[in-house]
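>>> From the sequence below, what's the structure:
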Amino acid sequence: MTPQFDPACVDAASFDHPVDNLRIIETHISWVFLTGRFAYKIKKPVNLDFVDFHTLDLRKHFCETELRLNRKLAPQLYLDVIPVGGTFAQPRFGSTPAIDYAVRMHQFAQHERLDHLLAEGQLNLQDGADLGAYIAEIHLSAQRADDDDDFGKIRSVVSPIFMNYRTLDDLPLSDILRDRLYAQRQRDVQLLRRLRKTLSQRHADGFIRDCHGDLHLGNLVRLNHQIVAFDRLEFDPALRWIDVINEAAFPYMDFIHNGRTDLAFEFLNAYLERTGDYAGLAVLPLYAAYKAIIRAKVSACNTSMTASLREKDITMHVDCAARLSRRTAPKILLMHGFSCSGKSRVANTLKSVLPAIRLRADVERKRSFGLAPLERAAAKPGGGIYSASATQALYQRLLSLVRHITDAGFHAIVDATFLMAWQRTLFLELAESTAYDLVIIDCKAPVSVLRERLARRNAADDDPSDATTDVLTWQLENSDALTTVEKAYRVAVNTDGNPDLPGLAKALLKPQ
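Numbering: from 1, shown residues only. Okay, the predicted model is just below:
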C-alpha cells in the first residue's frame, strides 16, 4: 500500500514555530491544523465523484489554485503554499522534499465564524444587513460567464440538484424520510419546469459569475469588525461559476433553517437593494431548497453522528427545503405619508418581522439615474431627477419590481410617499388583477414633528432622501387625500411615539 499522510502523526514538533494548543479540523476532503498563529490546510488523497486529489501533483495544483482564488477575497488570511517534508511518520511543515503540500493561513478565532456567532445568538439585524451588502459587492465585481460558456445553463443547474438526491437514495434512510425526499424532488421538478425560460434568461443577462462556490455561514468570519469570506471552492469551476442568487441562497437558507427568518430577510433586503437584482427572486426558492438538500446530504455522510441523530438532521433540512420551495400568497404594502412621517422606520421594521422585500423609492430613483443611494441630487420639486416624467418612470419601475417580488411569492413593501392618487391607482389595479391583498400603511405625525425630523435627517446626511423643507412644504400643499375606496385598504400608524410594529405585522398577516 502506498504510504499516505496521517494527521495523527502531526505534533508540535512538526512545525518550525511555537505551537499553542494544536487542533485538527477534519472535513470529508481535507485536514486543517490550527497551531495558534497559523492554520495549515492539507488535502486528503481522495478520488471522489466530485473531486480528485489522489496524486501529489494534483494536491499541489489545487493548493495553488485555492491560494490564488482566496487571496482575491481574503488576502489578509491566505499567505502561501508550503511543502510538507520529513516522513509520513514524522512530517515537517516547510521542509523538502515534499511528501505533501499545505495552504498556510493566518489563524483566526473559530468562535468568530458566522455559524458559531449565530448559534450563540451573537448576530443582530445589522450583521445580517452587513453580510448582504458584503456579498453584493463580491457579486457586482465578479467576472461574468461568456455567452458560449456552459456554466449556469440548464444542464449545469439540473445536474447538481439531482446528484444530491442520487447520493441520498443510496443511503439507509427510513421510509418516511424517503417519502419526504421524493416529495421534495417532485417540487424541484415542478420548479425547474416553470423556471426553464427564466434560468436561460439569467444566463443571457449576465448573472452567471465567478462566485465563491460554497458560501455558507461556516465559510464566513468576522475579522476586525468586518465580514470576510474564506475557503472559496477550488476543485470544480462549474460549482463556482453559478447564478449569483444560487450563491446568496446559502446564507439565506442557513438563517431560515436556524430559525432566524429576521436575519434572512435583513440579509436578503440588503443584498437586493445593493444589486438591484429583484428579478432574481424568481429562482431563489429553487436554489434555497437546493442548498437545504446539500446540507441534508452532508449530514447523511457524517459518520460521527448516530443513525438516529443523522436521520433527524436530514429530516430537518428536507423540511426546510419544503418550506423554502412552497409558494405563499403575497401581500402588497404601500407606505403612505409626507417626508419624515416615519414611513421608512415602519417599513424597515416590517421587512424583517413579516417578513417582506422592501423597495425604497429614493434608492430606485437614484439607481435609474446611475447615482449611489447617498449621492445628492437637487431636490427642487419638479426639477432634475424629480421631474414629473422621472417620477412617472419611477412609479412604473416600482410597479415592475413589485411584480417580480410577488410573482416569486414574497410580500412586497413599497417605501414611497404615494401622495398622488395616480401613483396609488397603479398598485390598486395590480392588486385587483392578481387578487393579491393590498394594504396602505398611512403614517401620521404632526407637521412640527415632520420639520424637526427633517432637520435632524439632513444634518446627519446619512439617508438616501434628498427632501428639504421646501419639498415638505410642497407636499403639504399638493397631495391627494385618500379616496373612500382607498380608505378601505388603509391602516393608520401614528409614528409620533412608539407604535406597536410587531403587533401591526401580526395583524397584516391575517387573511383579509
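>>> Go ahead and confirm residue 281 touches residue 406.
No: here residue 281 lies out of contact with residue 406, judged by CB atoms under 8 Å, at a distance of 9.4 Å. No exception for glycine: its C-beta is placed from N, CA and C like everyone else's.
>>> Does residue 16 touch residue 94 like I think?
Yes: counting by CB under 8 Å, residue 16 sits close enough to residue 94 to count as a contact (5.4 Å).
>>> Neighbour count: these two, which is higher?
Neighbours per residue (other CB atoms under 10 Å) separate residue 16 from residue 94, with residue 94 holding more: 16 against 10.
>>> Could you report the distance from the more buried one to residue 398?
Distance, residue 94 to residue 398, using CB to CB, to the nearest Å: 59 Å.
>>> in the stretch 401-512 of the chain, which ranges drop under the pLDDT threshold?
For the stretch 401-512 of the chain, the stretches flagged by pLDDT under 70 are 511-512.
>>> Report the residue ranges of every domain in this structure.
What the record gives for the chain is the domain set 7-107, 114-325, 331-508, from automatic domain parsing.
>>> Could you pull up the mean pLDDT of the longest one?
Meaning domain 114-325. If you average the pLDDT over domain 114-325, you get 94.
>>> Spell out the secondary structure type for residue 70.
Under the three-state scheme (DSSP: H, G, I helix; E, B strand; the rest coil), residue 70 adopts helix.
>>> Now residue 363: which helix or strand?
Counting by DSSP states H and E, the element that carries residue 363 is helix 361-368.
>>> Oops, could you answer that again for residue 324 instead?
Element membership of residue 324, judged by DSSP H and E, is helix 307-325.
>>> can you list contacts of the helix holding residue 363?
273, 276, 372-373, 375, 377, 385-386, 390, 393-394, 397-398, 401, 414-417, 463-466 (CB atoms under 8 Å, 6 or more residues apart in numbering).
>>> Mind doing that once more with 7 Å?
Outside of helix 361-368, the residues within contact range by CB atoms under 7 Å, 6 or more residues apart in numbering are 273, 276, 372-373, 375, 385, 393-394, 397-398, 415-416, 464-465.
>>> Quick one: neighbours of the nearest residue to residue 157 once chain neighbours are set aside, just the number.
Setting aside the residues directly before and after it, residue 157 is nearest to residue 199 in space (CB to CB, 6 or more residues apart in numbering), at 5.8 Å. Around residue 199 sit 21 other residues, with neighbours defined as other CB under 10 Å.
>>> repeat for residue 210
When counting by other CB under 10 Å, one arrives at 20 neighbours for residue 210.
>>> For it, give me its contacts.
142-143, 240-241.
>>> now, among those, which is nearest to residue 470?
The closest of these to residue 470 turns out to be residue 142 (CB to CB; 42.1 Å).
>>> For the helix holding residue 324, buried residues please.
Taking 16 or more other CB atoms under 10 Å as the basis for neighbour counts, the residues of helix 307-325 that come out buried are 310-311, 313-315, 317-318, 320-321, 323-325.
>>> export the residues you listed to JSON lines and tack on distance to residue 258?
Rendered in JSON lines, the data for the buried residues of helix 307-325 read as follows (distance: CB to CB, whole Å):
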{"residue": "310", "distance to residue 258": "18"}
{"residue": "311", "distance to residue 258": "19"}
{"residue": "313", "distance to residue 258": "13"}
{"residue": "314", "distance to residue 258": "16"}
{"residue": "315", "distance to residue 258": "16"}
{"residue": "317", "distance to residue 258": "11"}
{"residue": "318", "distance to residue 258": "16"}
{"residue": "320", "distance to residue 258": "10"}
{"residue": "321", "distance to residue 258": "14"}
{"residue": "323", "distance to residue 258": "13"}
{"residue": "324", "distance to residue 258": "13"}
{"residue": "325", "distance to residue 258": "18"}
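>>> Can you say which two of those residues are spatially most distant?
Of all pairs drawn from the buried residues of helix 307-325, the one with the longest distance (CB to CB) is 310 and 325, at 22.9 Å.
>>> returning to that earlier point: could you point out the helix or strand that follows the helix holding residue 363?
Scanning forward in sequence from helix 361-368 by DSSP H and E, the next helix or strand is helix 388-407.
>>> State which helix of the protein is the longest.
Ranked by residue count, the top helix of the chain under DSSP state H comes out as helix 175-204.
>>> Would you mind getting the angle between it and helix 307-325?
An angle of 40 degrees separates the directions of helix 175-204 and helix 307-325 when computed by axes from the mean of the first three to the mean of the last three CA atoms, to 10 degrees.
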